[in-house]
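Asks: show me the folded form of this:
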Amino acid sequence: MPEELDVETIRNIKELMGSKFPELVTKYVASADESINKVADGLLNNNCKQVGDAAHPLKSSSATLGIFSVSSIAEKIEFM
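Replies: Predicted structure coming up:
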């Protein structure tokens, strides 16, 4: 499994975003929470499409922020 956090990626995004970085993190957490809830709901309802559709943005946004362990797990869920 990849490292949990890529500090260099996070540092670069923080530098790029400046004072808006905390807002980006807040939006990521809210979005990740929503995606995880949709994945769980899809699993409970045997809705594979919902699970894959919810895992995809979690995979992408996590990778963008250097949170590769979450991205890797979401990718596995998406393609299951």
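Asks: which residues of this structure score low on pLDDT?
Replies: Low-confidence segments of the chain (pLDDT under 70): 1-3.
Asks: show me the helices in it, by range?
Replies: 7-17, 21-44, 48-64, 68-79 (DSSP state H).
Asks: what's the last one packed up against?
Replies: On a contact count with 3 or more C-beta pairs under 8 Å, 6 or more residues apart in numbering; DSSP states H and E, helix 68-79 meets helix 21-44, helix 48-64. In short, each C-beta sits where N, CA and C put it, glycine included.
Asks: make a markdown table from the helices of the chain and add mean neighbour count to it.
Replies: Converted to a markdown table, the helices of the chain look like this (neighbours: other C-beta atoms under 10 Å):
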| stretch | mean neighbour count |
| --- | --- |
| helix 7-17 | 12 |
| helix 21-44 | 14 |
| helix 48-64 | 17 |
| helix 68-79 | 17 |
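Asks: who wins for proximity to residue 5 among the helices and strands packed on helix 68-79?
Replies: Among the helices and strands packed on helix 68-79, the nearest to residue 5 by C-beta to C-beta is helix 48-64 (10.1 Å).
Asks: who touches the closest one?
Replies: Residues from elsewhere that reach helix 48-64 (C-beta atoms under 8 Å, 6 or more residues apart in numbering): 13, 28, 31-32, 35-36, 38-39, 41-43, 68, 70-71, 74-75, 77-80.
Asks: tell me the angle it makes with helix 68-79.
Replies: 160 degrees (axes from the mean of the first three to the mean of the last three C-alpha atoms, to 10 degrees).
Asks: look up phi and psi at residue 6.
Replies: Residue 6 adopts backbone torsions of phi -100, psi 100, taken as degrees, to the nearest 10.
Asks: any idea how far residue 72 is from it?
Replies: Distance, residue 6 to residue 72, by C-beta to C-beta, to the nearest Å: 12 Å.
Asks: repeat for residue 57
Replies: Residue 57 is 15 Å from residue 72, by C-beta to C-beta.
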